[in-house]
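# Quick one: sequence and predicted model below, then my questions.
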Amino acid sequence: MPSVPTPSKAGIIETNSGERHIPSSVRPDGTKRKEIKIRPGYKPPEDVEVYKNRTADGWKQRKEAGGVPGAEGLKESKDDGAGSNKNAKRREARKKAKAADEEGGSEKRATTAIEKKPEKVEEVDPEVEKEKKARNLKKKLKQAKELKEKKEGGGALLPEQFAKVIKISELIRELDALGFDAEGEPKIKEKEES
C-alpha cells in the first residue's frame, strides 16, 4: 500500500514524480473545486519557515519555565525552613501593624519578629546652617552685582536676570539679619578686629 504524502501548511501535496498540486475538494455548498497545479520552485507564504532567534526563544521559554535558566536545581535544593522568603516576616509585620492601626487606632501595635531600630537624627548646628545660608546669599549677591554691571555697561538682560538685579537690596537685608555685612563677611569678626 503506497503511503499518502502529508500536505504542507498550504495544503500542497508533492507526488513521487516531483509534481506538486493542491488536491480537489468539495465546497460547503456541495460544488467541487478543481485540483490546482503548483509551478516548480514556488513556496507559498504559509510554508516559509519563520526565522527563530535562539536568544529570544530562550527568553520566551524562560518565562514559560518560570525563572532563570539553571535555577531549577536551586529550587529543588532549597529547604522550606525560615530562609524560604527572607522578607515574608517583614511583610507580615507591616500588614499586622497596618490592620491594627486601621481597626481601632489602638496604642498596641502588632509585635513583629524584626523590630526596627530607631534612626539617629543628627543634631544640626545652627551656626553651620547660618553660615551655609550666608554663603548661598553671598553667591546670589555676587551674581546679581555682576548682572548689574553688565546692565550698566549696556548689555541686554533676560527678564529673570533683571529680577535678580532688583533683589540686591533684599539679599543684603537677609545677610544683615544673619549677622553678615553686604560683602558676606561676619559682622562679629569686624568688631573684634577694630
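Structure received. Predicted model, so just to flag it, every value in this text is computed and none were measured.
# for this protein, what spans make up the strands?
13-14, 20-22, 25-26, 32-33, 36-38 (DSSP state E).
# Of the ones you listed, which is nearest Arg62?
Comparing the strands of the chain by their distance to Arg62 (CB to CB), the top pick is strand 13-14, with 37.9 Å. C-beta coordinates here come from the backbone N, C-alpha and C atoms, glycine included.
# Give the partner strands of the closest one in its sheet and their orientations.
The strands beside strand 13-14 in its sheet (DSSP bridges) come out as strand 20-22 (antiparallel).
# List of residues touching the strand it pairs with?
Outside strand 20-22, the residues within contact range by CB atoms under 8 Å, 6 or more residues apart in numbering are Ala10, Gly11, Ile12, Ile13, Glu14, Thr15, Glu35, Ile36, Lys37, Ile38, Pro40.
# of all those, which comes closest to Ala99?
Of all those, Ala10 has the smallest distance to Ala99: 61.8 Å, by CB to CB.
# Test my guess that the closest one contacts Pro44.
Yes: with contact defined as CB atoms under 8 Å, Ala10 reaches Pro44; the gap is 4.1 Å.
# Output the below-cut-off pLDDT ranges for the protein.
For the chain, applying pLDDT under 70 flags the ranges 1-3, 63-84, 104-121, 188-194.
# at 80 what do you get?
In the predicted model, the chain carries pLDDT under 80 at residues 1-5, 59, 61-86, 103-124, 182-194.
# just the strands of the chain: most buried one?
Greatest average neighbour count among the strands of the chain goes to strand 20-22 (a mean of 17), per mean count of other CB atoms under 10 Å.
# Quick one: distance of that one to the chain centre.
Offset of strand 20-22 from its chain centre (CA atoms, centre = their mean, to the nearest Å): 54 Å.
# swap in stretch 19-28?
55 Å.
# do the same with stretch 159-170
The answer for stretch 159-170 is 39 Å, by CA atoms, centre = their mean.
# ditto for stretch 50-64
On CA atoms, centre = their mean, the centre of stretch 50-64 falls 24 Å from that of its chain.
# How about exporting it as CSV, limited to the C-alpha atoms?
Only the C-alpha atoms of stretch 50-64 are listed here, as CSV (Å, rounded to 0.1, in the frame of the first residue of the first chain):
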residue,chain,number,x,y,z
VAL,A,50,10.0,31.7,10.1
TYR,A,51,13.4,32.6,11.4
LYS,A,52,13.7,31.9,15.1
ASN,A,53,16.2,33.8,17.1
ARG,A,54,17.7,31.4,19.7
THR,A,55,18.2,34.1,22.3
ALA,A,56,14.7,35.4,22.0
ASP,A,57,13.3,31.9,22.1
GLY,A,58,15.3,31.2,25.2
TRP,A,59,13.8,34.3,26.9
LYS,A,60,10.3,33.1,25.9
GLN,A,61,10.9,29.7,27.3
ARG,A,62,12.4,31.2,30.5
LYS,A,63,9.1,33.0,31.0
GLU,A,64,7.2,29.8,30.5
